[in-house]
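Visitor: build me a model:
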Amino acid sequence: MARQAEAPARSAVTRSPRISASRAATASALIYADLRAELVSLKRLPGEPLSESEVAIAYGVSRTPVREAILRLAGEGLLEIFPQSGTFVSRIPLAGLPEAIIIRKALEETTAKLAAERASQSQILALWALIERQREAGAAGDQDAFHRADEGFHGALADAAGHSGIWRFVQQVKVHVDRYRRLTLPQLGRMTRARAENVEIAEAIEAHDAARAVGAMAAHLDRLLTDIADTSRLNPEYFDAAQRPESDRLSER
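Guide: As a prediction, the model looks like this:
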């Protein structure tokens, strides 16, 4: 595809100097991190091929560190390797989304409750600063900046709760949820609505109202569950249709 054909040329200019001063293990880690960010942000779209040799050329390395990075990403379900056919960006597994969201919801309801009970004034101010970043990003139509601010907000909640490790675990669980969420952000009013939901969470935490904070977080994440069917119908090419949730299949009978 045209976008893919251009990517190695752009990457070779910006990335190969970083690799030239790195050992092979560091190169593999860097390639892994960069590719993972591209896959999660949908800069590489589900179903697209990924050329091991093109990535190696772009980074100015042998294919060994690239292959190591690809194997790690395949282990996370972000890439699929087909012998004799090649490597492709995996489609978003519909069956796994509800479970990941439910796990995230249970954990983040806990952080919201604890943050409401424990948050200091400086931590509350940090939450409002991140919401302001979301407002600015939404006004500019910058989906990447909006997503980063949203991630920062949820991470700051875990910090305020006194359990930052919860957010690190959530990040591992929600890798495919993030890919799905990226498809919801362009929808009309989506970023404004998501920011408003974060405002409700922050207001509850500032008021030290634990029950209200839990309810606001639950409503915020429940929307992800209810939007799955519509988002997958609007973007069927990006989802694994064979992996639809049972509830979605039953609704069509």
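
Visitor: number of residues surrounding the nearest residue to residue 219 once chain neighbours are set aside?
Guide: In space, and not counting its chain neighbours, residue 219 is closest to residue 197: 6.7 Å by CB to CB, 6 or more residues apart in numbering. (C-beta placed from N, C-alpha, C; glycine too.) Per other CB atoms under 10 Å, the neighbour tally for residue 197 reads 16.

Visitor: my guess is residue 197 meets residue 218, correct?
Guide: No: using CB atoms under 8 Å, residue 197 is not in contact with residue 218; the gap is 10.5 Å.

Visitor: contacts only, for the residue nearest to residue 219.
Guide: 216, 219, 220, 223 (CB atoms under 8 Å, 6 or more residues apart in numbering).

Visitor: if you set the cut-off to 7 Å instead, what comes out?
Guide: 216, 219, 220 (CB atoms under 7 Å, 6 or more residues apart in numbering).

Visitor: for it, pull up the helix or strand it's in.
Guide: According to DSSP states H and E, residue 197 maps onto helix 190-206.

Visitor: what comes up buried for whichever helix or strand comes after that helix?
Guide: Downstream of helix 190-206, the first helix or strand assigned by DSSP H and E is helix 210-234. Using 16 or more other CB atoms under 10 Å as the test for burial, helix 210-234 gives 210, 212-217, 220-221, 224, 227-229, 231-232.

Visitor: tell me which of the residues you listed is nearest to residue 32?
Guide: residue 224 (26.6 Å; CB to CB).

Visitor: residue 95: neighbouring residues, count only.
Guide: The tally of other residues near residue 95 (other CB under 10 Å) stands at 14.

Visitor: tell me how far it lies from residue 176.
Guide: 10 Å (CB to CB, to the nearest Å).

Visitor: before we move on, what about residue 241?
Guide: Applying CB to CB, the value for residue 241 to residue 176 is 15 Å.

Visitor: equivalent analysis for residue 216, please.
Guide: As defined by CB to CB, residue 216 lies at a distance of 24 Å from residue 176.

Visitor: and the helix or strand hosting residue 153, which residues are buried?
Guide: Assigned by DSSP H and E, residue 153 belongs to helix 143-161. Across helix 143-161, burial judged by 16+ other CB under 10 Å covers 143, 146-150, 152-161.

Visitor: quick one: which of those residues is nearest to residue 188?
Guide: Of all those, residue 143 has the smallest distance to residue 188: 13.2 Å, by CB to CB.

Visitor: fine by me, thanks again.
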